[in-house]
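*Asks:* I need the structure of the sequence given here:
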Amino acid sequence: MNWIRSGRHHLAGAILGTCIPLLAWANGAEAKQNVLIIHSYHPELSWTASLKRGIEQSFAATNPDSLTDQASILGLRDDDPAINSPLTTGPSNTGATPEQEIQLFHEFLDAKRYPELQHQQAFLEHLKDKYQDTQLDVLMVSDDPGMDLVMAHQESYFADLPVVFLGLNKVRPELLNRANTTGVFEFHAEQDTALEGLRQAQAQELIIIGDSSETGQANLAVIPSLKQHPNGPKKIVLLNDLIPSEIAAAFQPYPQDWPVLLLGQLRQGESNGPLITFTETSQLLDQNIKNPIYSSSAIHVGEGSLGGKVLNGEHHAKQAVGLVQEILNGTPIADLKPIIESENVWTFDAQALESQGIALDELPEGTVLINDSISFYDEHKGLIWLNFLALAGSLTIIALLIEVIRRRAIAAKILQEHHQRYEDIATVGSTIFWELDPEKCFSYISGDTSIFNDLAPEQLLGQELSSIVANHPNFDFDWDGFSRVYAERQPMHNFTFRIHQAEKAIRIFQLTGKPAFNQAEEFQGYRGTLREITEQLYLAETLAYQATYDSLTGLINRQEFDLRLKTAVQRVQRYNTKVVLCYLDLDQFKIVNDTAGHLVGDQLLAELAQVLQASVRGADDLGRLGGDEFGLLLEGCSISKAKEICETLIERVRAYRFRWENRQFQVGVSIGIISIQDDGSDAVALLSRADLACYKAKDLGRGRICIADENSAALTSHQTQMVHLANVPRALEENRFYLMQQPIQAIANHQGP
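*Replies:* Alright, predicted model coming up:
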């Protein structure tokens, strides 16, 4: 390790805990492989503790007998905030022998309690002094403050040392291809958490708690993808910058079974006040509302939040350790690309789930439960029953037998009543109730069964389902999928199939069922329901289409285009991608409307939309913004390439001839172009700038392209003129014009005699 030799820096401080001095290792052999871990925060912080635990456990799993751990913390004393008064601890180890192969050194920057990092230089000198005689093989850095420190001083203090980062809040482009650097970025699965919350609550509406901070706004980027997901919420309510006193009133209009997704924090005092901590936010919401609360942050779980798919420190550290082990085994660090999406683990609070009435056996596979306390009865069930049976003896056995006989008689009577009630409901209802035996043959069926080749219920009994639907031309039935679910004894959730009928075209049915077992856990078949969902499905598809597409042209509408533009801006800001926005306005279109009527104009718009759509790439988004105006988003495109595409559009529109009866019309198109940059511009400003460039193209002679440039004086002047023109009518109404100068002229030409 290439430390700067500027003299030894003596650190003043006190011992934080009882540790084994590093000098105790002087008599042993030096470790073959040494790993230094710089933690951004103090070891008492739960996140830092979980990372440290995960690192040690991951190394111990592959090197159980050859691992040593040492730790120290450098920060400012509570009673002396001076930069030159750091507090440090001596080394500690796990008791490994001097022949170990891997040695871990933990150092804590303590940036959470001292965010200004006045002690950073002292910290670096501490590292230089402590490890100047130690050959370090890999440097691990957790969280952003530590990584920023390493990047700023890498040349001076960490030259040529491979760096593996973890715990960084978001993907940082400058780290993706940084030399001698790799690691694992944090990834929060807000969408998975929201979808699981909707499933558990059996709801189609979602309430999101957000805030207007930079992190809060970044978290809200999940909303567009939630709206587009097929299992996403039908309605999203966003409550932003709430203060504790407003919680009850804000939630009063919404049902208590709507799940809540925590993407932000509450504020103190007023909507622009300081942010309340994550833990207090969860606790305050839990105290004031009864809705189920979900979060993809481990901080909230156990503090009022039921849980979600959270970033787990141990799992996160395990991924980073995997990269370190690759480096220690000789893999070049240039071959180890950073992991952009870290693993997340389903984590739930068992007590919170119980309070909401959510069954633990329906949680996602691999779920980790906290607060899963075992009752005294569950822990000592065997012993309790053994003592009970020993004390009860034969008298208890006789009493139980009498009770069993009595209950069996009551149960038989209740079963008969339920069976009769079940048959009555099945007979008069539109839903078909069915049961299959282990061989897939109908053992019971009721309702209108005419869909099965016009067979009556009694004619279906004993028949195998495959003999009815597997080879029938009218049935579009996923028999392989059905057989697979049946063989695996899995529940059938919304299993759909179609029936082609001449008089009704296509009818769609939904099959729902679950496996049946007797008391001995022996498989008895399946039972479930079958109902028609044709009208509901067609209605849902129609509404979804109308909400997204323009009814005249078939292109996406203004609302959908604005949404995709906002998403594109976020992608540019997050991943530095290339996207170009184009604003298209037809030339001479008003002549068609004025001379031939709006019906003819609508037909022309529909045909031109197809011409434009056929002239752009498949990945591009073309939408109708209103009237004869269109918007175009060109993904992964430079300005020069966008200009080529737009010139093609202009030529094809100019070459197109629209014929109506004995008349022929020709129109053109003017286009304004702007490149979306990571300069803080929002979608509204970008669209306005592109629109202004389009008007400038019209002023230049129509059928042209104008590229918007922030430094374009002509475009800025044109924008100023447009603003002044817009202000003229209002100025006239408010009588704000006044006379500055007027010439005096004679009324008649008076000449002398």
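
*Asks:* Look up phi and psi at Leu124.
*Replies:* phi -60, psi -40 (degrees, to the nearest 10).

*Asks:* If I look at it, what pLDDT would I see?
*Replies:* Confidence at Leu124, expressed as pLDDT, is 93.

*Asks:* Find the nearest non-adjacent residue to it, please.
*Replies:* Spatially, and ignoring its direct neighbours in sequence, Leu124 is nearest to Tyr157 (5.5 Å; Cβ to Cβ, 6 or more residues apart in numbering). (Glycine included, C-beta is placed from N, CA and C.)

*Asks:* how about the one you found, phi and psi?
*Replies:* phi -120, psi -20.

*Asks:* Thr367 too?
*Replies:* Dihedral angles (degrees, to the nearest 10) for Thr367: phi -70, psi 140.

*Asks:* you'd agree it is up against Asp349?
*Replies:* No - in this structure, Thr367 is not within contact of Asp349 by Cβ atoms under 8 Å, at 11.1 Å.

*Asks:* nearest residue to Ala243 other than its sequence neighbours?
*Replies:* Let me fix one detail, which is that residue 243 is Ile and not Ala. That would be Arg267: by Cβ to Cβ, 6+ apart, it lies 5.3 Å from Ile243.

*Asks:* In contact with Phe442, which residues?
*Replies:* Residues in contact with Phe442 (Cβ atoms under 8 Å, 6 or more residues apart in numbering) are 434-436, 460-463, 465.

*Asks:* Generate a PyMOL selection restricted to the buried entries among those.
*Replies:* A single PyMOL command selects the buried members of the contacts of Phe442 (16 or more other Cβ atoms under 10 Å):
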select buried, resi 434+435+436+460+465
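
*Asks:* how about the contacts of Phe442 in CSV, adding distance to Val572, secondary structure and pLDDT?
*Replies:* Putting the contacts of Phe442 into CSV (distance: Cβ to Cβ, whole Å; DSSP: H, G, I helix; E, B strand; the rest coil; pLDDT from 0 to 100) gives the following:
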residue, distance to Val572, secondary structure, pLDDT
Trp434, 54, strand, 85
Glu435, 57, strand, 89
Leu436, 54, strand, 88
Leu460, 59, helix, 83
Leu461, 63, strand, 88
Gly462, 64, coil, 87
Gln463, 60, coil, 85
Leu465, 53, helix, 77
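
*Asks:* Just give the number of residues close to the residue nearest to Leu124.
*Replies:* Number of residues near Tyr157 (other Cβ atoms under 10 Å) recorded here: 20.

*Asks:* same thing with Ser342?
*Replies:* Counted with other Cβ under 10 Å, Ser342 comes out at 23.

*Asks:* what's near enough to touch it?
*Replies:* Neighbours of Ser342 in contact, by Cβ under 8 Å, 6+ apart: 166, 184-187, 311, 315-316, 319.

*Asks:* switch the cut-off to 7 Å
*Replies:* 184-187, 311, 316, 319 (Cβ atoms under 7 Å, 6 or more residues apart in numbering).

*Asks:* Return the member of these nearest to Tyr575.
*Replies:* Phe185 (12.2 Å; Cβ to Cβ).

*Asks:* tally of neighbours for the closest one?
*Replies:* Residues near Phe185, counting by other Cβ under 10 Å: 20.

*Asks:* does it really touch Pro173, like I thought?
*Replies:* No - with contacts counted by Cβ atoms under 7 Å, Phe185 stays clear of Pro173, the gap being 11.0 Å.

*Asks:* Helix, strand or coil: sort out Met140 for me.
*Replies:* strand (DSSP: H, G, I helix; E, B strand; the rest coil).

*Asks:* what pairs with the residue lying closest to it once chain neighbours are set aside across the strands?
*Replies:* Leaving aside its sequence neighbours, Met140 sits nearest to Ile37 (Cβ to Cβ, 6+ apart; 4.3 Å). Beta-bridge pairing of Ile37, defined through DSSP bridges, involves His106, Met140.

*Asks:* what's near enough to touch Ile37?
*Replies:* 55, 104-107, 140.

*Asks:* looking at this, Gln118 is in a helix?
*Replies:* No - counting by three-state DSSP, Gln118 is located in no helix; its state is coil.
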